[in-house]
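Peer 1: All I have is the shape, not the residue letters:
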């Protein structure tokens, strides 16, 4: 694309139209730009348009956004993305122009170009763009000299973006080479601008400078602090260690000084707090990583931060400062310098002045509770509140308890008593105090290693539950004081294993009642509590609550759950649906329950099919259906016709309308239904089978595992129908396509193994040549460890189903003596890598039969191969998995479908049961040594010699041990 007046006119018109409220011109412009993006120098032309003063600001801003996104997708596109990369000559011109254009642009456009520059920097800086840093430094110094803080902040913002990689990338030699280069070039200019700006702030503050003067200066200092953090993240650089006094002095000033001109407005206060928060992050970094070097400054900063926290109001705008400051004190509390907190009443003072004010409910918490229940639950119940004041304040207490457990327990227990006492004087007015007390108990409970059980030293759980929690749960009005109700339900959920079973069973009806509460948080917490109670295990791993415990109120429980799913805001409530799934997994599924639940689930499914929105909710719908079908049919197989009648319309709807998100689920449910049927299958199912054979069905990678699962079900239940009308040819065509790619070869083997297992040999025989050819071609082209193990399993299955003679004969028809080559180079070396009880048994039995029955291996000329196979067999049966298995060395192949594809999610409750093809053989080790003993008795002395020559000493000893264990002798 050449830069000329026509190009300028074309692009400016396009970008203008992309801002149109009318859909037609907007879409036409977007299409034109998409087509133009493939032309060489398109990015360069857009960048020039951004710099063109004759074009209006809005169009230039739209062009800047387009330019940034163009670089993101085309600067270094992945090989299989299908987009053409920007040519090298264009890249060089863009790199030459972008810094100067960014600095001369308006702030809105400057921020977009700064992001675009960061995109280039991510790939090219510093090795392929050595000119960038010198240009940034030169521009920074010129802008600083001129007092142009718009440009200063643009440059610092860009530097901040390109240095961020030092925060999160792994320590490598290349990373440290880049970091050393950046430090040598940028550390001193950074310090100079930091000190200059600090001086300007002091001067402006002392002379009553306006907010307009101070704002860009504070923005600059904040960016300097973020860059400081990036450059210090990996290791303590010598420059910053030598100049620690300079930086720490300014950091302290930031935390202790007041700036009335800024702090008198909300925006200004946020800017000051952002700088202070960045300072707190920096001193926290030094406290965590460079404690020895920082210890000289520690006492001062601990005192300063504590004082700062006392003055920080409860306003949400000050949350970031509060949380970063508390984090710093938490880090100090767990460090070698924790003695700072050892003084009399220090921990008591922290509880009163820092913890309780930050744990107490605020208006904002109540608002979130009322208007965004999902976010409230994520923060409160699921722990995504890592950076909220409530959670951080409790983390400070946990940190202090590391070294001062008794003092923390005493101080917090005292505060809890005060809060509960305050509540009891006026429950209606002081309910927030009770909420705060419950929150402290729950948040400070410690989880026991390796389980869901929790403990606390703050209270006696059963006494606290009876006196404080139970009255809330027994309240007649489920809608009064909803936050207290939610806190009480959360307490019961957290301490569920502490509540004795007889008492807990009496609580279930109360929990069922709370499912009717209007508050989405309350009925969600009731569902979560029921779901978690049903997971409680007693010693020995036995479930505490069983079907009989639920029976008295099961129908009411299911009714309330499905009614709650009709409440406004809870129509796609994942917590309710997960509870439905869990209850159906435990309860006794009578005909009444099955009929009621399948009708309700069908209605929910029909509704979400119209517009799938919440993937977690959707997953639990399908899991609920799957568990209902599984457990209902386990109890009474005649239920299946009712399930089919209810589910088929929705499942067919998903297939016909191609509802992408639901296809894998629908296919798994169909597989489950097919497996539960008795042959012959109905015409409805056989129609679906024919759809399954069309190549079109297999184009989406996300559907492949579910399609394979359904195909396996048909092969198992309708083998005769599969063998008719050329259908087996189509099935094996699917196998060939799948096995040819490393990303789907495992699925291909699932199809092939099921064919071998369920179809008669007479049906398979004509195809064996093609099957072996496909497998050998793939082995030749890309022999991954995973593929070779799958091949060993397949050959083993074929052998145990049809005998060694057919195996050797069919392989050798592809190429003379190929069986021996495969045996030597692939079967023997990979046998010891097999994992899984059924697979190990299958491969041991197959290999044993091969060495004991196959003339190809019993021939004296094959003695060495025979010995090596025994060696591999003994390794497989005698050594633990971790000793004999190697990791896959190959990189996994990235899916060819880039962009949105529905990922396959397996349904646990519709899972395929593993079938053991050798149920008659219980112990593969015994089978091996008994077979070897029988074989050796036909030629005494022959096989002991081969074993002595080919097995290593450890395996010879292991084989002898096995023989002794099973009272067998190899003679």
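Peer 2: The structure has been received and is ready for your questions. Please read all numbers here as calculations on a predicted model, not as lab measurements.
Peer 1: what helix or strand is the residue nearest to residue 351 when sequence neighbours are not counted on?
Peer 2: Leaving aside its sequence neighbours, residue 351 sits nearest to residue 411 (CB to CB, 6 or more residues apart in numbering; 4.6 Å). C-betas here are computed from N, CA, C, even on glycine. Assigned by DSSP states H and E, residue 411 falls within helix 405-425.
Peer 1: quick check: mean pLDDT across that helix?
Peer 2: For helix 405-425, mean pLDDT is 95.
Peer 1: now do stretch 924-934
Peer 2: For stretch 924-934, the per-residue pLDDT averages 96.
Peer 1: which of the residues in it are buried?
Peer 2: In terms of neighbour count (16 or more other CB atoms under 10 Å), stretch 924-934 has its buried residues at 924, 925, 927, 928, 929, 930, 931, 932, 933.
Peer 1: Return the closest of these with respect to residue 361.
Peer 2: Among these, residue 924 lies closest to residue 361 (CB to CB), at 62.3 Å.
Peer 1: in this protein, which helix or strand is least confident?
Peer 2: Every helix and strand in the chain was compared by mean pLDDT, DSSP states H and E; the lowest is helix 881-884, with a mean of 73.
Peer 1: count of residues packed around residue 696?
Peer 2: 7 (other CB atoms under 10 Å).
Peer 1: cool, residue 938 as well?
Peer 2: Using other CB under 10 Å, the number of residues around residue 938 comes to 11.
Peer 1: Surely residue 33 is within a helix?
Peer 2: Yes: counting by DSSP: H, G, I helix; E, B strand; the rest coil, residue 33 is located in a helix.
Peer 1: Make sure it is actually in contact with residue 14.
Peer 2: Yes: in this structure, residue 33 is within contact of residue 14 by CB atoms under 8 Å, at 5.3 Å.
Peer 1: The helix holding residue 411: what's the following helix or strand?
Peer 2: helix 431-443.
Peer 1: The residue nearest to residue 351: how many residues sit nearby?
Peer 2: Number of residues near residue 411 (other CB under 10 Å) recorded here: 22.
Peer 1: For residue 789, give me the pLDDT.
Peer 2: You'll see residue 789 listed with a pLDDT of 94.
Peer 1: Then it would be within a helix, right?
Peer 2: Yes: counting by three-state DSSP, residue 789 is found in a helix.
Peer 1: low-scoring pLDDT stretches of this protein, where are they?
Peer 2: Counting by pLDDT under 70, the chain shows low-confidence ranges at 79-81, 384-386, 448-452, 884-904.
Peer 1: Strands of that one, residue ranges please.
Peer 2: In the chain, the segments counted as strands under DSSP state E are 446-447, 454-455.
Peer 1: So which of these has the densest surroundings on average?
Peer 2: strand 454-455 (a mean of 14; mean count of other CB atoms under 10 Å).
Peer 1: got the contact list for it?
Peer 2: Applying CB atoms under 8 Å, 6 or more residues apart in numbering, the set of residues contacting strand 454-455 from outside is 445, 446, 447, 448, 494, 495, 497.
Peer 1: how far is it from where the chain is centred?
Peer 2: Strand 454-455 sits 27 Å away from the centroid of its parent chain (CA atoms, centre = their mean, to the nearest Å).
Peer 1: got a list of contacts for stretch 366-379?
Peer 2: Residues from elsewhere that reach stretch 366-379, judged by CB under 8 Å, 6+ apart: 365, 384-385, 388, 391, 482-483, 486, 519-521, 524-525, 569, 575.
Peer 1: Need the max-distance pair from the residues you listed.
Peer 2: Going by CB to CB, the pair spanning these furthest: 391 and 569, at 24.8 Å.
Peer 1: check contacts around residue 432.
Peer 2: Counting by CB under 8 Å, 6+ apart, residue 432 has contacts 360, 361.
Peer 1: measure residue 196 to residue 840 for me?
Peer 2: From residue 196 across to residue 840, the span is 71 Å (CB to CB, to the nearest Å).
Peer 1: what do you get for residue 552?
Peer 2: Separation of residue 552 from residue 840 (CB to CB): 46 Å.
Peer 1: Looking at the two, which one has more neighbours?
Peer 2: Taking other CB under 10 Å, residue 552 and residue 840 do not tie; residue 840 has more neighbours (18 against 12).
Peer 1: Just give the closest residue to the more buried one, not the sequence neighbours.
Peer 2: In space, and not counting its chain neighbours, residue 840 is closest to residue 834: 5.5 Å by CB to CB, 6+ apart.
Peer 1: on that earlier part again, okay, the buried residues of stretch 924-934 in JSON lines with distance to residue 632 next?
Peer 2: What follows is those, written out as JSON lines (distance: CB to CB, whole Å):
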{"residue": "924", "distance to residue 632": "36"}
{"residue": "925", "distance to residue 632": "40"}
{"residue": "927", "distance to residue 632": "39"}
{"residue": "928", "distance to residue 632": "43"}
{"residue": "929", "distance to residue 632": "46"}
{"residue": "930", "distance to residue 632": "44"}
{"residue": "931", "distance to residue 632": "45"}
{"residue": "932", "distance to residue 632": "49"}
{"residue": "933", "distance to residue 632": "50"}
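Peer 1: Give the other helices and strands that the longest helix along the chain contacts.
Peer 2: Assignment by DSSP state H gives helix 173-206 as the longest helix of the chain. Helix 173-206 sits against helix 132-146, helix 149-163, helix 165-168, helix 211-232, helix 238-242, helix 244-256, with contacts defined as 3 or more CB pairs under 8 Å, 6 or more residues apart in numbering; DSSP states H and E.
Peer 1: still on that earlier bit, and the residue nearest to residue 840, how far from residue 849?
Peer 2: Distance of residue 834 to residue 849, computed by CB to CB: 16 Å.
Peer 1: do the same with residue 912
Peer 2: Residue 912 sits 27 Å away from residue 849, going by CB to CB.
Peer 1: can you list the domain ranges for the chain.
Peer 2: Domain assignment for the chain, taken from the TED database, gives 1-124, 127-289, 296-459.
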